[in-house]
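# structure for the following, please:
(one chain, ligands or ions: 1)
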Amino acid sequence: MLKIEHLGIAVEDAGQASRLFATLFDTEPYKEEAVEREGVTTVFFKIGESKVELLESTRPGSAIGKFIEKRGAGLHHVAFQVADIRAEMARLSEAGFQLLNPEPLPGADGMIICFLHPKTTGGLLVELCQPAQ
Ligand code: CMX
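From the prediction side, this is the model:
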């Protein structure tokens, strides 16, 4: 694992949250992107070397929609950049962590990604990511 690549924050309204976080960080977001497969729209901020991703649900029953319904807005996942996502997925699966997707999937902001089930990671939704080639 190389570094924390971004923090994912579930929000009810991306426009409203964007303005709040823009004031908090004193910087404007650099990207907005929809991820149709996940039923989310995302907004990205860069703070130094770190990134924050805001996630708003765009359809009922999406992972973010269910999360907000159950727990309310707030920290949703922590994404770690890895050097070789397939090797890390194999290592972590072998070590007993549950992969939520058996193959890397295209994620937002030019990454390929894999999530680990929070039930197997002490309650934290972990994302592995690697820049897509
Ligand atoms: N962090 C910690 N725990 C979480 C969680 C999260 N983000 N989301 C769900 N959980 C917990 C729930 O609280 C619940 O716990 P209890 O059984 O103790 O109540 C348990 O996991 C099961 O939750 P659920 O509401 O029944 O939801 P599902 O099982 O349907 O799905 C999960 C949970 C994590 C498997 C699903 O959200 C998932 O596949 N996530 C990965 C994909 C994703 O999050 N996509 C959105 C981001 C996309 C992007 O970044 O582009």
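# all contacts plus neighbour counts: C-alpha atoms, from now on.
Fine.
# tell me where this protein has helices.
Listed in chain order, the helices of the chain (DSSP state H) span 14-25, 63-71, 85-94.
# which strands or helices does the second one pack on?
Identification of packing neighbours for helix 63-71 by 3 or more C-alpha pairs under 8 Å, 6 or more residues apart in numbering; DSSP states H and E yields strand 3-11, strand 50-57.
# picking up where we left off before, with mean neighbour count, distance to Cys114 and mean pLDDT added, can I get the helices of the chain in TSV?
Shown next, in TSV, are the helices of the chain (neighbours: other C-alpha atoms under 10 Å; distance: least, C-alpha to C-alpha, whole Å; pLDDT from 0 to 100):
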stretch	mean neighbour count	distance to Cys114	mean pLDDT
helix 14-25	14	23	98
helix 63-71	16	14	97
helix 85-94	15	8	98
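# so which of the ones you listed comes closest to the ligand?
helix 63-71 (4.1 Å; C-alpha to the nearest ligand atom).
# show me how far that closest one is from its chain's centre.
14 Å (C-alpha atoms, centre = their mean, to the nearest Å).
# quick check: residues of this structure near the ligand?
With C-alpha under 6 Å from any ligand atom as the criterion, the chain comes near the ligand at residues 38, 63-64, 66-67, 76-77, 100, 107-108, 115, 117-118, 123-125.
# pull out the buried members of those.
Ala63, Ile64, Phe67, His76, His77, Gly107, Ala108, Phe115, His117, Pro118, Leu125 (16 or more other C-alpha atoms under 10 Å).
# pull the most distant pair out of these.
Ala108 and Pro118 (20.3 Å; C-alpha to C-alpha).
# gap between the most far-flung residue of the chain relative to its centre and Ala17?
Taking C-alpha atoms, centre = their mean, the residue of the chain most remote from its mean C-alpha position is Glu94, at 23.0 Å. Relative to Ala17, Glu94 is positioned 38 Å away (C-alpha to C-alpha, to the nearest Å).
# cool, Pro104 as well?
29 Å.
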